[in-house]
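Visitor: Please work out how this folds:
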Amino acid sequence: MASQQVQPKLVIHGGAGSSLHSKGGIEAVRKSLYDVLEEVYPLLKDGASAVDAVVRGCQLLEDDPRFNAGTGSVVQSDGQIRMSASLMDGLMQRFSGAINVSRVQHPIELAQFLQHSDDRVLSDFGSAELLRELQLPIYDPMTDLRLHEWMQERQGNFSKAMADVVAEPAGMGTIGVVALDVHGRLAAGTSTGGKGFERIGRVSDSAMPAGNYAAQSAAVSCTGIGEHIMDECLAARIVIRVTDGLSLKAAFERSFTEADERQRDFGAIGIDASGAIAFGKTSEVILGAFHNGMEMGDTLEMSKGTLIFIA
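Guide: I've put the predicted structure just below:
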């Protein structure tokens, strides 16, 4: 790595889907996203590592009940919340994650701890034991809205037709943060409450390199229908294409063209080692925002099928 400092970059997302209606509309979502940028970007500017900035950004998004991660996570079919998160250090090319963890405020903190463990991805029982080892306080991420959704769906025998607010956030909600720090290091973090009303034991792409991946060349976080992201191995595919010589723009264009042909439904954010920023989606909406050192911007009014690149 060159010793010369670079302009840090920060990109975040609060999920993808068909509308912003259930999240309070464009201005409410924009404020939530910009609040995170305004807290985390100064950390990067002051020299925080990409990994630390990603963790802090994920914590803030996990604390916002507007998004399906941490507080406000959707409920599985048995009435329980099970969350998943992963973190990847691009410099070390090291992945860690926690799958289907309950009763914790910030699932990303488990992934952060596991970065330095010999066993770097833990499932539900292992994650629960790790919570005890770390002496993290027991936390209930349930909100009144999520409880109401589950009760409506239970009345309808989980047909997913009863609660009109469920179809958009459930199955499409994830939060993610990608950062480039002043030393040119990249990292990506992704956290989710899952689909909502899914089969117990279902594993999200957010806890896999398919949905969260970073190397020295680029870093990507995905959101949308997890099974579609897994089928495309989207985050890793984009990063590997950049590593193999494509520009970030070309890697996004090729990957999303292929995905659109297969009728996938998802979105992604990314940064490469040069500081280029990319957003892509096949869904109607991706709740994305960025800080490039000069300005903040967002993707809340992108048209369907649009890719955005910021040098």
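Visitor: Just to be sure, residue 176 is in a strand?
Guide: Yes. Counting by DSSP: H, G, I helix; E, B strand; the rest coil, residue 176 falls inside a strand.
Visitor: What pLDDT does the model give it?
Guide: At residue 176, the model reports a pLDDT of 98.
Visitor: Which residue is the nearest non-sequential neighbour of it?
Guide: In space, and not counting its chain neighbours, residue 176 is closest to residue 221: 3.0 Å by C-beta to C-beta, 6 or more residues apart in numbering. C-beta here means a position set from N, CA and C on the backbone, and glycine is covered the same way.
Visitor: so what's that neighbour up against?
Guide: By C-beta atoms under 8 Å, 6 or more residues apart in numbering, the residues touching residue 221 are 13, 174, 176-178, 188-190, 211-212, 235, 268-270.
Visitor: Make sure I have this right: it is in a helix.
Guide: No. Assigned with three-state DSSP, residue 221 falls outside any helix and is strand.
Visitor: the strands in the stretch 101-250 of the chain, which residues?
Guide: Applying DSSP state E, counting those that start in this stretch to the stretch 101-250 of the chain gives strands spanning 121-122, 175-180, 186-192, 212-214, 218-224.
Visitor: For residue 30, find the nearest of those.
Guide: Proximity to residue 30 (C-beta to C-beta) singles out strand 175-180 among the strands of the stretch 101-250 of the chain, at 15.1 Å.
Visitor: about what we covered before: how about JSON lines for the strands of the stretch 101-250 of the chain, with distance to residue 5 added?
Guide: As requested, these are exported to JSON lines (distance: least, C-beta to C-beta, whole Å):
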{"stretch": "strand 121-122", "distance to residue 5": "33"}
{"stretch": "strand 175-180", "distance to residue 5": "11"}
{"stretch": "strand 186-192", "distance to residue 5": "15"}
{"stretch": "strand 212-214", "distance to residue 5": "20"}
{"stretch": "strand 218-224", "distance to residue 5": "18"}
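Visitor: Out of these, flag the one nearest residue 85.
Guide: Closest approach to residue 85 among these (C-beta to C-beta): strand 186-192, 3.8 Å.
Visitor: For that closest one, which helices and strands make contact with it?
Guide: Counting contacts by 3 or more C-beta pairs under 8 Å, 6 or more residues apart in numbering; DSSP states H and E, strand 186-192 is packed against helix 50-62, strand 83-89, helix 107-114, strand 175-180, strand 212-214, strand 218-224.
Visitor: Off-centre distance for that strand?
Guide: On the basis of C-alpha atoms, centre = their mean, to the nearest Å, strand 186-192 sits 6 Å off its chain's mean C-alpha point.
Visitor: Run me through the strand neighbours of it, direction for each.
Guide: strand 83-89 (antiparallel), strand 175-180 (antiparallel) (DSSP bridges).
Visitor: Reformat those strands as JSON lines; add distance to residue 306.
Guide: Converted to JSON lines, the strands paired with strand 186-192 look like this (distance: least, C-beta to C-beta, whole Å):
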{"stretch": "strand 83-89", "distance to residue 306": "26"}
{"stretch": "strand 175-180", "distance to residue 306": "18"}
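Visitor: among these, which is the most enclosed?
Guide: Highest mean neighbour count of those: strand 175-180, a mean of 32 (counted as mean count of other C-beta atoms under 10 Å).
Visitor: That strand vs helix 50-62, what angle?
Guide: 160 degrees (axes from the mean of the first three to the mean of the last three C-alpha atoms, to 10 degrees).
Visitor: Mind checking the strands paired with strand 186-192 for the one nearest to residue 205?
Guide: strand 83-89 (8.8 Å).
Visitor: got the contact list for residue 48?
Guide: 56, 181.
Visitor: If you could redo that for residue 55, that was the one I meant.
Guide: Shown in contact with residue 55 (C-beta under 8 Å, 6+ apart): 87, 108-109, 112, 189.
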